[in-house]
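[1] Just the structure for this:
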Amino acid sequence: MKKTAKNYIANCKKYLGCKESNGSHKKIIDIFNSSKLKSFSVSYYDAWCAAFISAMAIETNMDKLIPISANCDEMYKKGVVMGIAIPKDKWIPQIGDIVFYDWNLNGELDHVGAVDTLSKNIIHVVEGNKNDSVAYRDINFKNGTITKILRPRYETET
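    Predicted coordinates:
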């Protein structure tokens, strides 16, 4: 499989509907915990948004393109070291961008997802642990709670 944004997002979409209430999210946690690149393991009861983004990278063999962590702040910092951070004021969304939310605007990253599609100013973001499931969020890309962005260096489509 080519390491493209399209393939990464297609893999994320395979897990839409996985949720805590029926335990179907456990396979995502197991994929994350299988990685030797993680800093710490995640239990089935921990917050798992960053673990989802990481597990999808692990499963698609894109763990050299997307930082692996179960912590949003750590994931973003690893992305900065990798040189894939995009300044918010210069950001024009692309499929496969990793977006981080700071719900309280207190400087701590609270949630993360991956851009699937965009239409005008609205991005369709696939997220793990959105209301305890893998689900979409539609949000204006200029929304102030989106504070950090990573753009992995995916392979280009041919």
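[2] In contact with the nearest residue to Ile66 once chain neighbours are set aside, which residues?
    Using C-beta to C-beta, 6 or more residues apart in numbering and skipping residues adjacent in sequence, the residue nearest Ile66 is Ala57, 3.7 Å away. (C-beta placed from N, C-alpha, C; glycine too.) Neighbouring residues of Ala57 by C-beta atoms under 8 Å, 6 or more residues apart in numbering: 8, 63, 65-66, 68.
[3] what do you get if the cut-off is 7 Å, keeping everything else the same?
    63, 65-66, 68 (C-beta atoms under 7 Å, 6 or more residues apart in numbering).
[4] right, and the pair among those residues with maximum separation?
    The distance between the two most remote of those (C-beta to C-beta) is 10.4 Å, for Leu65 and Ile68.
[5] If you count surrounding residues, which of the two has more?
    Ile68 (23 against 19; other C-beta atoms under 10 Å).
[6] Tell me how far that one lies from Trp103.
    23 Å (C-beta to C-beta, to the nearest Å).
[7] And for Lys2?
    For Lys2 relative to Trp103 (C-beta to C-beta), the value is 35 Å.
[8] now do Cys72
    11 Å.
[9] anything in contact with each of these two?
    Shared contacts of Cys72 and Trp103, counting by C-beta under 7 Å, 6+ apart, come down to 110-111.
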